[in-house]
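Visitor: have a look; sequence and predicted model below, questions after that.
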Amino acid sequence: MSIDYIQMILRPMLDGTKMTLFLFFIVICTSLPLGLLLTFAARTRFKPLTWLIQLYITVMRGTPLLLQLLFICFGLPLIPVVGDYLVLDRFVAACTGFILNYAAYFAEIFRGGLLAVDRGQFEAAQVLGLNKWQTMTRIIMPQMFRVSLPAVANETITLVKDTALLYAVAVPELLHYAQTAVNRDFTTLPYFIAGLIYLAITLVLTAILKRIERRYQYQ
C-alpha cells in the first residue's frame, strides 16, 4: 500500500480517535467519583439504600457492557408510556452506559481498598480527636486510594479498549472508520493501523499510571 493510501485512511481514523478519547475522559472523570460515592453510600445505616446499591452493582457487573449499551440506546425507547421521553442521542446513551457500568466496578474496587485499611486506623484517629470527616479525608481515603490504585489502573486500561463497543451502537469512533475502510478497500491494513493507535494510547496511559503508582508507594 502507498503512503498516500495510508494518509487517506488515517485522517478519518484520527477523527475517530478523538471521539474515543473524548468518551474515555468523560467516563473516567465521571465514573471514578460516582464509584467512590457509591462505596460510601453503601456503608450507610439506611438498609434500603444499601440493598439498592448492592443490587445495582450486581446487575452492572453481572451483565455484559454491550448488552447494557444496546438496552440504553434501543431498549429504553420501547418501554411503554415513558419510552418517548427516554430517547437519547447515541453518544449520550453510550456515555451513560459506560459511566453506570464502570462506576459499579470502581465502587467494588474502592470497597476492597477500604476493607484493606486496618481498623486500628479509625481508633487511632479517634484518640487524636479527629472527627469523622477528618478521619476519612486525612487518614482513611489516602490509604484506600493507595491500595486501590493498581486495580483502578487496570480498569482504566480496559476502558480504553472497551470504547470500541461504540461501534455496536453506531457512534463513529476509531473502529468504525477502520471497518469502513476495510469494507470499502478489501484490505486488513486499517485494522492493523487501528490496533497500533489503541496500543499507543494504552502504552502512554500505562506509563502515566505506573508513574502515579510509584509516587504513591513512597508517600
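Guide: That came through fine.

Visitor: find the nearest non-adjacent residue to residue 86, please.
Guide: The shortest distance from residue 86 to any non-neighbouring residue, by Cβ to Cβ, 6 or more residues apart in numbering, is to residue 76 (3.9 Å). C-betas here are computed from N, CA, C, even on glycine.

Visitor: thought that neighbour was touching residue 84?
Guide: No. Residue 76 is not in contact with residue 84 according to Cβ atoms under 8 Å; the separation is 10.2 Å.

Visitor: with neighbour numbers in mind, choose between these two.
Guide: residue 76 (16 against 8; other Cβ atoms under 10 Å).

Visitor: how close does residue 126 sit to residue 208?
Guide: Here the criterion is Cβ to Cβ, to the nearest Å. By it, residue 126 lies 37 Å from residue 208.

Visitor: how many neighbours does residue 115 have?
Guide: Count around residue 115 with other Cβ under 10 Å applied: 10.

Visitor: the one 4 residues further on too?
Guide: With neighbours defined by other Cβ under 10 Å, the count for residue 119 comes to 8.

Visitor: from residue 40, how far out is it?
Guide: Here the criterion is Cβ to Cβ. By it, residue 119 lies 17 Å from residue 40.

Visitor: same check on residue 188?
Guide: Residue 188 is 48 Å from residue 40, where distance means Cβ to Cβ.

Visitor: the two: which is more packed in?
Guide: Taking other Cβ under 10 Å, residue 188 and residue 40 do not tie; residue 40 has more neighbours (14 against 11).

Visitor: in which helix or strand does that one reside?
Guide: For residue 40, the host element (DSSP states H and E) is helix 3-41.

Visitor: what is the neighbour count of residue 178?
Guide: If you count neighbours by other Cβ under 10 Å, residue 178 ends up with 26.

Visitor: mean pLDDT per helix and strand in this protein: which one sits at the bottom?
Guide: Lowest by mean pLDDT, DSSP states H and E among the helices and strands of the chain is helix 119-127, with a mean of 75.
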